[in-house]
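J.: turn this into a structure:
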Amino acid sequence: MAYKFQTLAATMSGSLTQEGDFTVKDHSNNTKATIGIDGAISGSGNLSSDGNLFTNGTVKFAAITADTAL
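T.: Residues are numbered from 1 along each chain as shown. I've put the predicted structure just below:
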């Protein structure tokens, strides 16, 4: 079985199969986002989209006050 270790930045295309959680870390090795094997997504930072965001469930916002615009 062959193994490839990537130590620097990589650009990937095509199909990628991941076993276990998928974790994104910053340059200081702090976890910024995680996608669990159950499909749950968690993270910190900003969420942005160039298109529409859809959900089929509840959206919860932490730290929302009465004068915060959505």
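J.: now the lowest-mean-pLDDT helix or strand in the chain, how far from the centre of its chain.
T.: Ranked by mean pLDDT, DSSP states H and E, the helix or strand of the chain with the weakest confidence is strand 41-43, at a mean of 81. From the chain centre to the centre of strand 41-43 is a distance of 6 Å (Cα atoms, centre = their mean, to the nearest Å).
J.: and that strand, what does it pack onto?
T.: Packed against strand 41-43 by the contact rule (3 or more Cβ pairs under 8 Å, 6 or more residues apart in numbering; DSSP states H and E) you find strand 31-35. All C-beta spots, glycine's among them, are computed from the backbone N, C-alpha and C.
J.: tell me the mean pLDDT over the strand it packs on?
T.: For strand 31-35, mean pLDDT is 87.
J.: buried residues in that strand?
T.: Burial within strand 31-35, assessed by neighbour count using 16 or more other Cβ atoms under 10 Å, is assigned to no residue.
J.: ok, it: who's next to it in the sheet?
T.: When sheet partners are counted by DSSP bridges, strand 31-35 sits next to strand 22-25 (antiparallel), strand 41-43 (antiparallel).
J.: mind checking which of those strands is nearest Ala9?
T.: Taking Cβ to Cβ as the measure, the strands paired with strand 31-35 were each checked against Ala9, and strand 22-25 came out nearest at 12.9 Å.
J.: only alpha carbons, please: show that closest one as PDB.
T.: Output for strand 22-25, consisting of C-alpha atoms alone and laid out as PDB, is shown next (Å, rounded to 0.1, in the frame of the first residue of the first chain):
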ATOM      1  CA  PHE A  22     -12.200  16.400   8.300                       C
ATOM      2  CA  THR A  23     -10.500  19.200  10.200                       C
ATOM      3  CA  VAL A  24      -9.400  22.600   8.900                       C
ATOM      4  CA  LYS A  25      -6.600  24.400  10.900                       C
END
